[in-house]
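**Student:** return atomic coordinates for the entry below.
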Amino acid sequence: MKTFVIASLVAVVCIGCTASDPGDVATAKKGADAAPKSADALPSTMPAEAKASAAAAIGQAKAAKDQNNDPARVHAMEMMRQQHH
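**Tutor:** As a prediction, the model looks like this:
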């Protein structure tokens, strides 16, 4: 149930986002910095299902960050931008 509530909240927040609105970057960065970086940092009182879901989300966020920092991908994106301009 808690996972559903969290997922619903995330969906509502994302619906309000637009590509042209950068949002409050400073507040978002503070929130991201305060978020747990591994499953070991999650509260021990967290239900097992919610903990598993949060651990999966942490893993996906790390994979996305690693992918975005891949030098080959960064170079390819730069080349694509140059072709479109």
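**Student:** switch to C-alpha atoms for all contacts and neighbour counts from now on
**Tutor:** Fine.
**Student:** and the longest helix anywhere in the chain, how far out from the chain middle?
**Tutor:** Secondary structure of the chain per DSSP state H: the longest helix is helix 48-68. Mean-position distance between helix 48-68 and its chain equals 8 Å (Cα atoms, centre = their mean, to the nearest Å).
**Student:** can you list the buried residues in that helix?
**Tutor:** Residues of helix 48-68 classed as buried under the neighbour-count rule (16 or more other Cα atoms under 10 Å) are 50, 51, 54, 55, 58.
**Student:** again, but for stretch 27-38
**Tutor:** For stretch 27-38, the neighbour count (16+ other Cα under 10 Å) marks no residue as buried.
**Student:** let's have the chain start at 12 instead
**Tutor:** That works, and once the first residue is 12, the last one we named lands at stretch 38-49.
**Student:** what's the average pLDDT for it?
**Tutor:** Here stretch 38-49 scores 86 as its mean pLDDT.
**Student:** from the contact counts, what lies against the longest helix of the chain?
**Tutor:** Counting contacts by 3 or more Cα pairs under 8 Å, 6 or more residues apart in numbering; DSSP states H and E, helix 59-79 is packed against helix 13-26.
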